[in-house]
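Enquirer: What follows is a predicted structure for the sequence shown.
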Amino acid sequence: MAKKVIEIKGLNYSYPAGAEALKNINLDIYEGESLRIIGPNGAGKSTLLLHLNGILSGNSHIRVLDLEVEERNLPRIRSKVALVFQDPDDQLFMPTVFDDVAFGPVNMDLDKEKVRHLVKKALEAVGMQDALNRSSHHLSFGEKKRISIATVLSMEPEVLILDEPSSNLDPKARQHLIDLLKRFRLTKIIAGHDLELILEICDRVAVLDGGAIVADGDTKAILSNKSLMELHNLEVPLSLKLK
Amino acid sequence: MKHSFIDEYSDLDSLIHRLDPRVKLVTLVASLLFIISTRPTSFVTFVLYGILIFILIGLSKIPIGFIFKRSLVIIPFVLIIAIFIPFFKKGQVAGSYSFGSVHLTVTYEGLMVFWNVLVKAYLSILCMILLATSTKFSNLLKAFENMKCPKLMTMILSFMHRYIYVLVDEMMRMKRAKDSRTVGGKRWFHVKALSHMVGVLFIRAYERGERVYLAMCSRGFSGQIRTLQDFKLNKTDFCFLLTMAMLLIAIRTIRR
């Protein structure tokens, strides 16, 4: 049995304004798994992701890599659980690509040479090693997405969390991203609607609707369940319909 | 969207571009001090400073027209402030004008101060434009940081430089969306729509700020932005610094 990487028990969360965002979420994620969280707009996907590295905290019990998610563990958890935001303009906030990719490692108090090495490795992993000294606002959208992933790879995380990684990408950039994600051996949690991408990358799917998990299991079994998919504003991917 | 307003020419390769940004910063401050403290009547000195600046601009390979255009943006502000000086300074009258009950006199002393303000401001502006256009903004900020400029200031400038383009894009998209749906309409209507857009832009900027902060926290931000700095002074830097110091002092000591 693989190691449990993330364990969520009875997670409830309400926004400060009072609206209930997550209701009694129970989820275990194992090492090396690729979990996809799907669900209609406003289902709470992003809110759930923000709990996994302690940005938000509801009244619950979340364990990440055998660490309780609480104030004193946050630095360690955040260096192991990498969260990539949907909008690369949020993810890339430093003046140059180098500074952005180095931001995490520098905060981890690594020495200069090690930081430089990690930055180089991360940029090579996403195929952007030539962008080192460019500024983020001179990059194309696809390039920004790739650099966004590099900014967390440089921290050598154990869990990679991506929020809508393929939105707004052109087909070539999207395919490049899929190939990239396939190569990574670490535990992946991906939120979003791109169902074809799930089929290629993820072995497990959780369906989130109205703040609760309504289905959790094998990718093909869930995605080909027409009544379930349509009940939650989703659809069966074309490639499964044709079979 | 591609923007290159601030560092359009910072990618050129020239002696000036290759200099360590800290050296450039120190040279700038020194030059400004020398220029500002020159006696107003030392016309030759001003000409020599001017020649020195134009030699540096020539070395930097930045088109001179671009530098002039930039300076034209700033000079009106100086003019607005300086234009009243000749009228208020007391002294030998150079000319007097009457407009009905308003009586204005211009004095030689006033004109001298006016000339002094203008020439010093213009030379200083040229120096600063040369620094700003020949240095990458990120490197300039790092140089400031390295010279013990308060971190908060450089952080604010850094975020401003990073997100100004994002906001400009956002505003432009909103304006296009508005224009695509407006046919005719009174001017007042457009002004009102514009004011709503400014409000929306503010909210969006605020929300983006929150998200950026979360993204920073996710990567271990703890209240201090730290960057790697690898400026190294080399022989050219020292030579440049020495030459500039010698030239500035030499120009200063030349008698009228």
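Expert: Everything's here; your move.
Enquirer: Strands along the stretch 51-200 of chain B, start to end?
Expert: B:93-99, B:102-107 (DSSP state E, counting those that start in this stretch).
Enquirer: mean confidence score for the first one?
Expert: It refers to strand B:93-99. Taken as a whole, strand B:93-99 carries a mean pLDDT of 76.
Enquirer: What residues of that strand count as buried?
Expert: Along strand B:93-99, no position meets the burial threshold by neighbour count (16 or more other CB atoms under 10 Å in any protein chain shown). For every residue, glycine as well, the C-beta is placed using N, CA and C.
Enquirer: rewinding a little: can you redo the strands of the stretch 51-200 of chain B as CSV with distance to chain A?
Expert: As requested, the strands of the stretch 51-200 of chain B are arranged in CSV below (distance: least, CB to the nearest CB, whole Å):
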stretch, distance to chain A
strand B:93-99, 51
strand B:102-107, 48
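Enquirer: could those be laid out in TSV, adding distance to A:P40?
Expert: Listed next are the strands of the stretch 51-200 of chain B as TSV, based on distance: least, CB to CB, whole Å:
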stretch	distance to A:P40
strand B:93-99	73
strand B:102-107	73
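Enquirer: Write out the residues of the stretch 101-250 of chain B neighbouring chain A.
Expert: By CB under 8 Å from any CB of the partner chain, the part of the stretch 101-250 of chain B that sits against chain A consists of B:136-138, B:141, B:158-159, B:161-163, B:165-166, B:208, B:211-212, B:214-222, B:225-228, B:230.
Enquirer: ok so, going back, among the strands of the stretch 51-200 of chain B, which is nearest A:A122?
Expert: Evaluated over these, closeness to A:A122 peaks at strand B:102-107, with 66.0 Å, by CB to CB.
Enquirer: Does B:G220 touch A:S79 like I think?
Expert: Yes: at 6.0 Å, B:G220 counts as touching A:S79 under the criterion of CB atoms under 8 Å.
Enquirer: can you list residues touching both of the two?
Expert: Listed as contacting both B:G220 and A:S79 by CB atoms under 8 Å, 6 or more residues apart in numbering or on different chains are A:G104, A:M108, A:M155.
Enquirer: Highest neighbour count among those?
Expert: A:G104 (28 neighbours; other CB atoms under 10 Å in any protein chain shown).
Enquirer: quick one: that residue from chain B, how far?
Expert: Remark: distance between A:G104 and chain B (CB to the nearest CB, to the nearest Å) = 4 Å.
Enquirer: does that residue sit in a helix, a strand or a coil?
Expert: With DSSP: H, G, I helix; E, B strand; the rest coil as the basis, A:G104 sits in helix.
Enquirer: how close does B:I251 get to B:A94?
Expert: Spatial separation of B:I251 from B:A94 under the definition CB to CB, to the nearest Å is 30 Å.
Enquirer: hang on, isn't B:G91 packed against B:T107?
Expert: Yes: applying CB under 8 Å as the test, B:G91 and B:T107 come out as touching, 4.0 Å apart.
Enquirer: out of those two, which sits in the more crowded spot?
Expert: When B:G91 and B:T107 are compared on other CB under 10 Å, the one with more neighbours turns out to be B:T107, at 20 against 14.
Enquirer: Provide a list of residues in contact with the more buried one.
Expert: B:P86, B:K89, B:K90, B:G91, B:Q92, B:V93, B:A94.
Enquirer: low-scoring stretches of chain A, by residue?
Expert: Using pLDDT under 70 as the threshold, the predicted model of chain A has low-confidence ranges A:1, A:242-243.
Enquirer: Quick one: name the residues of it near chain B.
Expert: Near chain B, the residues belonging to chain A are A:50, A:53, A:55, A:75, A:78-79, A:82-83, A:85, A:87, A:89-96, A:98-99, A:102-104, A:106-108, A:112, A:115-116, A:135-138, A:151-152, A:155 when assessed by CB under 8 Å from any CB.
Enquirer: Quick check: phi and psi on A:F93?
Expert: Here the main-chain torsion angles of A:F93 (degrees, to the nearest 10) amount to phi -120, psi 0.
Enquirer: What is the burial count for it?
Expert: Under the neighbour criterion other CB under 10 Å, A:F93 is assigned a count of 24.
Enquirer: Report the separation between it and B:D20.
Expert: Remark: distance between A:F93 and B:D20 (CB to CB) = 26 Å.
Enquirer: Kindly report the same for B:H196.
Expert: Here the criterion is CB to CB. By it, B:H196 lies 48 Å from B:D20.
Enquirer: neighbour count winner among these two?
Expert: Of the pair B:H196 and B:D20, B:D20 is the one with more neighbours under other CB under 10 Å, namely 21 against 11.
Enquirer: residue ranges of the strands in chain A, please?
Expert: For chain A, the strands defined by DSSP state E occupy A:4-14, A:20-30, A:34-38, A:61-64, A:67-68, A:81-84, A:159-163, A:187-191, A:204-209, A:212-218.
Enquirer: Kindly present those strands as JSON lines, with separate columns for distance to A:R146.
Expert: Below are those laid out as JSON lines (distance: least, CB to CB, whole Å):
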{"stretch": "strand A:4-14", "distance to A:R146": "25"}
{"stretch": "strand A:20-30", "distance to A:R146": "25"}
{"stretch": "strand A:34-38", "distance to A:R146": "19"}
{"stretch": "strand A:61-64", "distance to A:R146": "26"}
{"stretch": "strand A:67-68", "distance to A:R146": "30"}
{"stretch": "strand A:81-84", "distance to A:R146": "11"}
{"stretch": "strand A:159-163", "distance to A:R146": "12"}
{"stretch": "strand A:187-191", "distance to A:R146": "16"}
{"stretch": "strand A:204-209", "distance to A:R146": "25"}
{"stretch": "strand A:212-218", "distance to A:R146": "30"}
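Enquirer: for chain B, where's the lowest mean pLDDT among helices and strands?
Expert: Considering only helices and strands, the least confidently modelled element of chain B by mean pLDDT, DSSP states H and E is strand B:93-99, at a mean of 76.
Enquirer: Tell me which residues are up against it.
Expert: Applying CB under 8 Å, 6+ apart, the external contacts of strand B:93-99 come out as B:P86, B:H103, B:L104, B:T105, B:V106, B:T107, B:Y108, B:G110, B:L111.
Enquirer: repeat that for 6 Å
Expert: Contacting residues not belonging to strand B:93-99 are listed as B:L104, B:T105, B:V106, B:T107, B:Y108 [CB atoms under 6 Å, 6 or more residues apart in numbering or on different chains].
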